[in-house]
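S.K.: Quick check, what structure comes out for this input:
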Amino acid sequence: MTSPDRLVILDRDGVINQDSDDYVKSLAEWIPYPGAIDAIARLSQGGWTVAVATNQSGISRGYYTETTLAEMHAELCRLVNEAGGEISHIAWCPHGPDDGCSCRKPLPGLLEEVRDALGLATLSGSWMVGDSLRDLQAGDAMGCHPVLVRSGKGEMTLAKHPELVTTDSETRVFEDLTEFADWLMARQKLKAGN
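M.R.: Numbering: from 1, shown residues only. Here you go, the predicted model:
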């Protein structure tokens with residue numbers, strides 16, 4: 001049984017794979033960052049449950065179909081499985097910013113879906129890893145620990161929101177998913193040793 005403090009929720013574009021201002025529209029354009037697949041597999045092997053929560057407004061904009069998105073996610077899961085890990089759930093929002101949905105981050109709908117799919121009562125104490133402010137806001141609404149990676153739009157997010165790195169900010173900042181996974185696993189080892 002998953003417990004919230006052993007759950008890591010990842011944004012997709014900019015965290016797991018390269019992002020594009022023109023959208024990631026095909027399997028050929030879906031390019032994982034070096035080390036990201038391995039980082040997910042290592043978290044999985046270390047006893048963490050890994051889920052993904054991703055806005056995919058390119059669907060409502062007509063840039064790609066749900067079938068194409070399913071191909072990308074099947075490839076993501078295949079690569080992670082091949083590396084010895086598992087993604088427990090992928091929640092995605094196909095809507096655009098003006099569609100009035102409840103799932104598009106910064107709203108918490110995708111995270112509520114993750115919570116329900118994993119049979120959890122709460123996400124309080126889980127980790128939400130993203131490269132944009134809206135990822136952190138969605139996580140915050142559900143009581144997640146906020147983590148910003150500098151990959152994807154992370155550097156731009158930091159430039160726009162310097163308050164994220166002030167001493168009283170709860171947001172932890174890492175170069176990328178690999179560095180976060182290393183830190184989280186080292187932290188767990190330390191806790192287990194006490």
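
S.K.: Only C-alpha atoms from now on, for both contacts and neighbour counts.
M.R.: Noted.

S.K.: So what touches stretch 175-194?
M.R.: The contact list for stretch 175-194, computed with Cα atoms under 8 Å, 6 or more residues apart in numbering, reads 15-16, 35-36, 38-40, 42-43, 46, 149-151, 174.

S.K.: Quick one: list the elements packing against the longest strand anywhere in the chain.
M.R.: Ranked by residue count and defined by DSSP state E, the top strand of the chain is strand 49-55. Counting by 3 or more Cα pairs under 8 Å, 6 or more residues apart in numbering; DSSP states H and E, the packing neighbours recorded for strand 49-55 are strand 7-10, helix 36-45, strand 89-93, helix 109-117.

S.K.: now do 10 Å
M.R.: In terms of contacts (3 or more Cα pairs under 10 Å, 6 or more residues apart in numbering; DSSP states H and E), strand 49-55 is packed against strand 7-10, helix 36-45, strand 89-93, helix 109-117, strand 127-130, helix 133-141.

S.K.: got a list of contacts for whatever helix or strand comes next after that strand?
M.R.: Proceeding N to C from strand 49-55, the next assigned helix or strand is helix 66-82, under DSSP states H and E. Under the contact criterion Cα atoms under 10 Å, 6 or more residues apart in numbering, helix 66-82 has outside partners 12, 16-17, 24-32, 36-42, 44, 52, 56, 58-60, 65, 83-90, 92, 94.

S.K.: Please state the offset of helix 66-82 from the chain centre?
M.R.: Mean C-alpha position of helix 66-82 versus that of the full chain (Cα atoms, centre = their mean, to the nearest Å) differs by 15 Å.
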